[in-house]
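**Student:** Provided below are the primary sequence and the corresponding predicted coordinates.
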There are 2 protein chains.
Amino acid sequence: MHIGILGAGQLARMMALAGLPMGLEFSFLDPNPDACAGQLGHLVTADWADACALDRLAGCDRITCDFENVPADSLARLAAATEVRPCAAALAAAQDRLEEKRLFTALGMDVPNFAAVDTRPDLLAAIEQIGLPAVLKTRRFGYDGKGQAVLRTQEDLEPAWQRLGGQPLILEALIEFRFEAAITAVRSAQGQLRCYPLSRTVHHQGILQFAQAPAPFDRQHQAESMVRALADHLDYVGCLTLELFVTDQGLLANEFAPRVHNSAHWTIEGAETSQFENHLRALCDWPLGSTTLRGPALMVNWIGQMPEPATFMAIDGLAWHDYAKSARAGRKVGHATLTANHTAELAARCERLTTVLPDQLKTCLASMMASSG
Amino acid sequence: MHIGILGAGQLARMMALAGLPMGLEFSFLDPNPDACAGQLGHLVTADWADACALDRLAGCDRITCDFENVPADSLARLAAATEVRPCAAALAAAQDRLEEKRLFTALGMDVPNFAAVDTRPDLLAAIEQIGLPAVLKTRRFGYDGKGQAVLRTQEDLEPAWQRLGGQPLILEALIEFRFEAAITAVRSAQGQLRCYPLSRTVHHQGILQFAQAPAPFDRQHQAESMVRALADHLDYVGCLTLELFVTDQGLLANEFAPRVHNSAHWTIEGAETSQFENHLRALCDWPLGSTTLRGPALMVNWIGQMPEPATFMAIDGLAWHDYAKSARAGRKVGHATLTANHTAELAARCERLTTVLPDQLKTCLASMMASSG
């Protein structure tokens, strides 16, 4: 079976690393000739909308994506020739923050208060309605905190509007959450759904920094209901992740990713079947694998550049992931996952990890480990 | 770090699949242009003794092998240019069954009675000394039961001699073992050694069919002493496996493999660090990973051709490994590993596996699961 992936970044790379052992082959389409999945299959270097390039990928048995902002026309062209999973409608639902929030609401989920903002008067009306603090976001193409501005006082309006105005925006209430969390599920073409344990996520400067599974609070049942409602509604095939705020009033849906997701990288070592393998199993119409925890896990992202591996590899139970990307500020270049057979062992390993982390991450992990549900 | 591997079969392939996530790159030398590791790095298609090809590989930071019968001259040429691990002497010790048995004896290990056989009179004298039943084996280039003949009565002599005579041979007593077992260890350049749990191995028609870890009998301590003596003597760097007979009189050393080994494929899912990753860690002078069991495991080899995956993937905890090799009788083309969080869960999963295995393997697994130490 030959899988074509739109995008050849680290998510495509980890999909290929999960699929090659199962005998799958991979082709990728990416504008970047150095895209890091390229060494694991055939890389077509072209723009997302390049018809010739898309037609080369259309020979694959299945098509999937490693990011959600693939142009709709490109997906339509591919879908006319072969099976695209998840389908274009599922991707479209995640491409626009306003439509996404409306969908969550229609499905009965609680969400932060929000309002559409296209003009400056819209913005003033939205602030009137939602209050401050709030977050002004582009409706499309945002990720890792990009295309966002936090408005705490009236003075923040003008610089935010100067930076983001002139494109479709959304204003959302800034949530005072107790925790952030994410739930990943995999759904088959026949509608079977399996959920991974909820993970706690911790962001640093807008980028995911740590993910801990299982989450140290029990919201599994409600989170599963939410992701199931979403996946069933979209007739989704593959893995998807729903990001959540845990508040005193319950779970709020923040956003969802129609693909494998950074918050579930821990599943490579921490679950019986990784999210990458399960995404491929769903694509190939193979039985979904067990999403059961093998042991507690903690993932840390390497942002900007890879640290020296030896210090970290000296910690038992630590798995090292280097995406073979060049260093650049704010770029996800790798991650490490600590697993253990039980919680006390993981805590001891986390303590060792804390001693070798860079200072700002040390503080972040220590406060994370100290707080609980 | 760039790793060069002599041989591009499934062992090289699984090394690459373990090393790519850690940011390693791979080149391979193999006479077969379709060798299955080729898709994971740069494949140099040439004979083992091809000086130009060897010199292309010599640019790698480390050289290792996926099989032990690399010509000594080729290793010497590479060792003059870069670091070869394990070293040529360690490979040489495993290339000749007679020298191997003498080494085991010199290190204080019990072995089956053996005698060198170069001529027909040698054979008669050896039978006189060892008795029947016995096994006549070529001293070099045997694997998976190839180059062997079992002698049960005097009538078996002539056909065995016709088939094997004319090259250096060894006659070994045929051991009435209770079990076969294998222990894999990894040793660093600084002499640190970590051992995996002993696994029970079951062969079918001379080829490894099943491996179960941990072994259902307790010989861990003695097995560790034996593999440690061997690894220290050879100043070994990387993974090695010692194959053993478990008899009423204790453990007998059968043979060793100076490389990653089929009997430890279960470590991919069943141990905290796989043998493939640990071999690479030793090569790269990175800290060795934990060899602790994550849960009990059972591996089954697919010989000749791959079965349909879906039936097997429907069993929770089953990992599918397809080496992307073409079908051929007697050829190892893939394997599957069942893991679980505890023994009872593995037993239940094995029962499900038994129902879908081909008939001859069904019988083999059922009798294996029924017998214990």
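**Tutor:** Cool, the structure landed. Numbering: from 1, shown residues only, chains lettered A, B, ... in the order given.
**Student:** Tell me how far the closest residue to A:Gly304 other than its chain neighbours lies from chain B.
**Tutor:** Nearest residue to A:Gly304, sequence neighbours excluded (Cβ to Cβ, 6 or more residues apart in numbering or on different chains): A:Ala329, at 5.2 Å. C-beta: built from backbone N, CA, C; applies to glycine. Distance, A:Ala329 to chain B, using Cβ to the nearest Cβ, to the nearest Å: 19 Å.
**Student:** Assess the claim that A:Ala329 and A:Gln205 are in contact.
**Tutor:** No. The criterion here is Cβ atoms under 8 Å, and A:Ala329 misses it with A:Gln205 at 10.4 Å.
**Student:** returning to what we had before: pretty sure the residue nearest to A:Gly304 is in a helix, no?
**Tutor:** No. Applying DSSP: H, G, I helix; E, B strand; the rest coil, one finds A:Ala329 to be coil, outside a helix.
**Student:** What about it, how many residues nearby?
**Tutor:** 7 (other Cβ atoms under 10 Å in any protein chain shown).
**Student:** backbone phi and psi for the residue nearest in space to the middle of chain A, please?
**Tutor:** Nearest residue to the geometric centre of chain A (Cα atoms, centre = their mean): A:His261, 3.2 Å. Phi and psi for A:His261, reported as degrees, to the nearest 10, are phi -140, psi 150.
**Student:** Can you give me the buried ones in stretch A:93-107?
**Tutor:** A:Ala93, A:Ala94, A:Gln95, A:Asp96, A:Arg97, A:Leu98, A:Glu100, A:Lys101, A:Leu103, A:Phe104, A:Leu107 (16 or more other Cβ atoms under 10 Å in any protein chain shown).
**Student:** Which members of these are the farthest-apart pair?
**Tutor:** Pairwise distances across the buried residues of stretch A:93-107 peak at 17.4 Å for A:Gln95 and A:Leu107 (criterion: Cβ to Cβ).
**Student:** ok, so of the buried residues of stretch A:93-107, who is nearest B:Gly145?
**Tutor:** A:Ala94 (55.1 Å).
**Student:** Need the pLDDT of the closest one.
**Tutor:** The score at A:Ala94 is 92. That number is its pLDDT.
**Student:** now do A:Gln360
**Tutor:** Here, the pLDDT recorded for A:Gln360 equals 88.
**Student:** which bits of the stretch 201-350 of chain A sit near chain B?
**Tutor:** A:272, A:281, A:285-287, A:289-290, A:292, A:294-295, A:306, A:309-310, A:313-314, A:316-317, A:319-324, A:334, A:339, A:341 (Cβ under 8 Å from any Cβ of the partner chain).
**Student:** Narrow the residues you listed to those in strands?
**Tutor:** When DSSP state E is applied, these are split such that A:Ala319, A:Trp320, A:His321, A:Asp322, A:Gly334, A:Thr339 fall in strands.
**Student:** if I pick the third one, what's in contact with it?
**Tutor:** In this structure, A:His321 makes contact with A:Met14, A:His265, A:Ile268, A:Gly334, A:His335, A:Ala336, A:Thr337, B:Pro21, B:Met22, judged by Cβ atoms under 8 Å, 6 or more residues apart in numbering or on different chains.
**Student:** Who wins on neighbours among those?
**Tutor:** When the contacts of A:His321 are compared by neighbour count (other Cβ under 10 Å), A:His265 ends up highest, at 29 neighbours.
**Student:** Test my guess that that one contacts A:His335.
**Tutor:** Yes. With contact defined as Cβ under 8 Å, A:His265 reaches A:His335; the gap is 5.6 Å.
**Student:** okay, and the common contacts of the two?
**Tutor:** Shared contacts of A:His265 and A:His335, counting by Cβ under 8 Å, 6+ apart, come down to A:Met299, A:His321.
**Student:** Right, I'll leave it there.
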